[in-house]
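Visitor: Sequence and predicted structure below; questions after.
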Amino acid sequence: MKCIILAAGYATRLYPLTENFPKPLLKVSDKTILDWLVDDIDTAGVIDQYVVISNHRFAHHFTEWALRKTQHITVVDDGTSTNETRLGAVKDILYAIESLHLYDDMLVIAGDNVLDFSLTKFIAYAQQKGTSAIMRYYESDEKRLLRSGVATVDDTDRVLLLTEKSPAPASHWCCPPFYYYTRQDARLVRKGIESGCGTDAPGSYIAWLCTQTTVHAMQMPGCRYDIGNLASYQLVQQTYRGIVVG
């Protein structure tokens, strides 16, 4: 299984902290955000390659980070250098898949989120379902729903509809940027783009995919800390206590 880590953004809301440094390599407690994610996922023992997709400006930072890790990590430079010329998350996923021929089951995650639960639970859930999968959590704040992916699911966890940044969200099930693709569905990313799925938000491909095949949604078993600005980063640094085992 492969793990694609989306790290090509520019985190402009965290300037000047991230003006010349990538957000996923900021430290929370004694580890970088990316260390927390990779070290946790690796405990599942199923990932044989991690792929960090970066922009050109920050790629060397990730390459230096990868040299210090024991996991098999490949850094891919998508060639963009500014926020205005970024490819968008779905095109970055396609770029990584096609550049490295990654036609395998895969975990696709945003590299800038801090979690207090293990992503190994999500991997196990998707493998048990035998389909592509997403996560969901109940979000009561209407304003946040307007800025997020929102899913409608049935009583078997099947995703009936997923929208990104809809002006009229159909439910309160908010979807964080963590996805599992079966190897069959990983081969359809280009088709999704050519069929008109959005390319900026990472959930846009899954929004298209759930109209083509079965996708399940696991209820998130803990909290996700989205570091969107300097205040939220400072708060996470003060309050984060690591991943809860069990």
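Guide: In hand now; what should we look at?

Visitor: low pLDDT regions in this structure?
Guide: Low-confidence segments of the chain (pLDDT under 70): 246.

Visitor: Counting residues, what is the longest helix that it contains?
Guide: The residue-count maximum for a helix in the chain (DSSP state H) belongs to helix 89-100.

Visitor: Export only the CA atoms of the next helix-or-strand element following that one, formatted as PDB.
Guide: Once helix 89-100 ends, the next helix or strand along the chain (criterion: DSSP states H and E) is strand 106-110. The C-alpha trace of strand 106-110 is given here as PDB (Å, rounded to 0.1, in the frame of the first residue of the first chain):
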ATOM      1  CA  MET A 106      -3.500   4.000  -1.200                       C
ATOM      2  CA  LEU A 107      -4.000   6.300   1.800                       C
ATOM      3  CA  VAL A 108      -4.200  10.000   0.700                       C
ATOM      4  CA  ILE A 109      -3.800  12.600   3.400                       C
ATOM      5  CA  ALA A 110      -3.300  16.300   3.900                       C
END
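
Visitor: Strand partners (parallel or antiparallel) of strand 106-110?
Guide: strand 2-7 (parallel), strand 178-181 (antiparallel) (DSSP bridges).

Visitor: roughly how far apart are the spatially most distant residue from the centre of the chain and Pro176?
Guide: For the chain, the largest distance from the centre (CA atoms, centre = their mean) belongs to Asp155, which lies 24.9 Å off. Using CB to CB, to the nearest Å, Asp155 is found at 22 Å from Pro176. Any C-beta I mention is one placed from the backbone N, CA and C, and that applies to glycine too.

Visitor: what about the closest residue to Ile123 other than its chain neighbours, which SS state?
Guide: Excluding its sequence neighbours, the residue lying closest to Ile123 (CB to CB, 6 or more residues apart in numbering) is Ala44, at 5.2 Å. Taking DSSP: H, G, I helix; E, B strand; the rest coil as the rule, one finds Ala44 in the coil state.

Visitor: Surely Ala44 touches Tyr125?
Guide: No: the pair Ala44 and Tyr125 does not pass the contact test of CB atoms under 8 Å, sitting 11.6 Å apart.

Visitor: which residues sit in contact with Leu6?
Guide: Contacts for Leu6 (CB atoms under 8 Å, 6 or more residues apart in numbering) come out as Ile53, Ala89, Asp92, Ile93, Val108, Ile109, Ala110, Gly111, Pro177, Pro202.

Visitor: Make a ChimeraX selection of the buried ones in those.
Guide: Typed into ChimeraX, the line below selects the buried ones among the contacts of Leu6, using 16 or more other CB atoms under 10 Å:
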select :53,89,92,93,108,109,110,111,177,202
